[in-house]
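Peer 1: what would the 3D arrangement of this be:
(one chain, ligands or ions: 1)
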Amino acid sequence: MEEQKKNMLSLIQPTNTPHLGNYLGAMQNWVKLQNDYNCYFGIADLHSITVRQDPVKLRNQIKESYALLIAAGLDPEKSTLFVQGHNSNHAELSWILSCYTQFGELSRMTQFKDKSAKHADNINAGLFTYPVLMAGDILLYQSDLVPVGADQKQHIEIARDIAIRFNNAYGETFKVPEGFIPKFGARVMSLQDPSMKMSKSDPNPNGFVAIMDDPSVIMKKFKRAVTDSDTFIAFDPENKPGVSNLLSIYTSFTGLTMDEAVKHFDGLGYGSLKTEVAEAVIAGLEPVQNEYKKILSDKAYLEKIMADGAEKASAQARKTLRKVYRKVGLA
Ligand code: TYM
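Peer 2: Here you go, the predicted structure:
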């Protein structure tokens, strides 16, 4: 049975304070998908050092974000949960694939342009080749699907291009992956500026809700959320981006359809909308927050499943890497 399931992979960086965007755009969907696919989920720690990190903090953040995956509902018995840096196949494949990736195509990546503008004092080669490492992550596991938020679309495209190019040169080696982007929640916007995606690098901390924020903080942030100058509640991302963002968050937490949510708020004002969305988020995050604290307090358990995950992931990745070595003529 297991062999017939399609493969799915996605990773998250440990250094971004996980926020509602990560939860709704990624983790919540991963949890829904874990029964139907052969899943690999993990922590992209190698990606995170493209920006300077404090080593002590990074070491803790890797453990914390791994604990959060489990707290969010991923089951280490069902999915392979691993840390990218615990599995050297990723770095190895990344080097090989970088020889099959063009300078020009990497120069066109919007994230590279954005990040090099933000970190003008440290435009390192890793920042430039970041998409190649990510392509390696995906291709190592012969992933059919990659569930991500909308901001990762261009990275999936280049992973596909690299896979196709390699397959054309050497014969079928990699599965060509598809992005899997949720209908709602794929682009959670800042609560303070709904034209920008929610991000922990938002200069205004009221713009994002961290998964671990206290209920009182969550309520305060939603109460301050920017809406618009009308007074009615409707889903219209173009003309009412703030209200539509709140509605999307509401549907993701309650499981209601957008029509049902809009009907629910019919005749109510923005005050009620903000309070009810905050309440839904607080209730939805509460079990995740409790579980997170429990898992982190059990260091032995955490270390054991991290080691098991690394072993399972490495065994799978190694099969692909061996094939690549043979195809290229390195073995
Ligand atoms: P990262 O760590 O920035 O984000 C993790 C996931 O969260 C999604 N996301 C959002 N979704 C909706 N609204 C938002 N405001 C929002 N912000 C972030 C992202 O789309 C992502 O799915 N390069 C990746 C990590 C990575 C990866 C991979 C992903 C490394 N290797 C292989 C997939 C496959 C990143 O930095 O995600």
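Peer 1: okay, CA-based contacts and neighbour counts for the rest of this
Peer 2: Fine.
Peer 1: quick one, what contacts residue 123?
Peer 2: Contact analysis of residue 123 by Cα atoms under 8 Å, 6 or more residues apart in numbering lists residue 116.
Peer 1: can you list the residues of the stretch 1-150 of the chain near the ligand?
Peer 2: Residues of the stretch 1-150 of the chain that fall close to the ligand, judged by Cα under 6 Å from any ligand atom: 10-13, 21-22, 25-26, 44, 134, 137-138, 146, 148-150.
Peer 1: repeat that for the stretch 151-300 of the chain.
Peer 2: So far as Cα under 6 Å from any ligand atom goes, the stretch 151-300 of the chain lies against the ligand at 151, 152, 185, 186, 187, 188, 189, 197, 198, 199.
Peer 1: ok, of these, which come out buried?
Peer 2: Buried by 16 or more other Cα atoms under 10 Å: 152, 185, 186, 187, 188, 189, 197, 198, 199, out of those.
Peer 1: touching, the last one and residue 19? I think so.
Peer 2: I take that to be residue 199. Yes: with contact defined as Cα atoms under 8 Å, residue 199 reaches residue 19; the gap is 7.5 Å.
Peer 1: other SSEs contacting the lowest-mean-pLDDT helix or strand in the chain?
Peer 2: Sorted by mean pLDDT, DSSP states H and E, the helices and strands of the chain end with helix 110-118, the least confident at a mean of 90. For helix 110-118, the elements it packs on are helix 125-140, judged by 3 or more Cα pairs under 8 Å, 6 or more residues apart in numbering; DSSP states H and E.
Peer 1: now the helix it packs on against helix 110-118, angle please.
Peer 2: Following axes from the mean of the first three to the mean of the last three Cα atoms, to 10 degrees, one obtains 150 degrees for the angle between helix 125-140 and helix 110-118.
Peer 1: in helices, which of the residues of the stretch 1-150 of the chain next to the ligand fall?
Peer 2: Residues of those located in helices (DSSP state H): 21, 22, 134, 137, 138.
Peer 1: compare those and tell me which is most surrounded.
Peer 2: Highest neighbour count within these, by other Cα atoms under 10 Å: residue 138, with 30 neighbours.
Peer 1: which residues touch the residue lying farthest from the centre of the chain?
Peer 2: Centroid-distance maximum for the chain: residue 267 at 35.7 Å, with Cα atoms, centre = their mean. Residue 267 makes contact with 232, 233, according to Cα under 8 Å, 6+ apart.
Peer 1: could you do residue 131 as well?
Peer 2: Applying Cα under 8 Å, 6+ apart to residue 131 gives the contacts 106, 155, 158, 159.
Peer 1: quick check, pLDDT for it.
Peer 2: Residue 131 is assigned 98 on the pLDDT scale.
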